[in-house]
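>>> Predicted model follows, preceded by the sequence.
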Amino acid sequence: QLQLVESGGGLVQPGGSLRLSCAASGFSLDYYTIGWFRQTPGKGREGVSCINNRSGSTNYADSVKGRFTVSRDNAKNTVYLQMNSLKPEDTAVYYCAEAGIRYGPCPTNQLAYNYWGQGTQVTVSS
C-alpha cells in the first residue's frame, strides 16, 4: 500500500529553520515526482516546491525561493524540505504528495498529485 508520512514540523521563531521529511512506503521514490504543499485555515492549498526524482529538476513558489530547498535521499526513500529564514506567514500545515513518474518539470498544480500524506504543522512565531 502506497503511503507518504510527513514529519519534522513544530514551533520555531522567525528567522529559524526546520527540515521536513516525507517518507514513502509501498513504492520507491527513485523516479517519482514529489510535491510539497501548505494550507492555512480559510485558504486553499498552496504549492510550495516539488522535485522530479527522475530528472532531479525542482520548482519553488516565489514566496519561498532562496529560503526553501527540496532534496531527496533515495537510500532512505525520503524527500526533504529544508526551510530557512522562516517567517510568520510560512505558518501552515505542510503536506507532501506524489504525482507519478513524469518526464518534464514537476507540476505545481495540486490536481496533478495523487496520494497525499497526513500533513505536519509548522508554526512560526515569537
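Perfect, I can see it now. Residues are numbered from 1 along each chain as shown.
>>> Check the secondary structure at the spatially most central residue of the chain for me.
The residue lying closest to the centre of the chain (C-alpha atoms, centre = their mean) is residue 36, at 2.4 Å. Per DSSP: H, G, I helix; E, B strand; the rest coil, the secondary structure class of residue 36 is strand.
>>> Mind listing the residues bridging to it?
Assessed by DSSP bridges, residue 36 has beta-bridge partners residue 49, residue 96.
>>> Show the contacting residues for it.
Residue 36 is in contact with 20, 22, 47-50, 70, 79, 81, 94-96, counting by C-beta atoms under 8 Å, 6 or more residues apart in numbering. (C-beta placed from N, C-alpha, C; glycine too.)
>>> got the end-to-end distance for stretch 104-119?
Start-to-end span of stretch 104-119 (C-alpha to C-alpha, to the nearest Å) is 26 Å.
>>> ok, now stretch 113-121?
With C-alpha to C-alpha, one end of stretch 113-121 sits 20 Å from the other.
>>> what about the strands in this protein?
For the chain, the strands defined by DSSP state E cover 3-7, 10-12, 18-25, 32-39, 46-52, 58-60, 68-73, 78-83, 92-101, 120-124.
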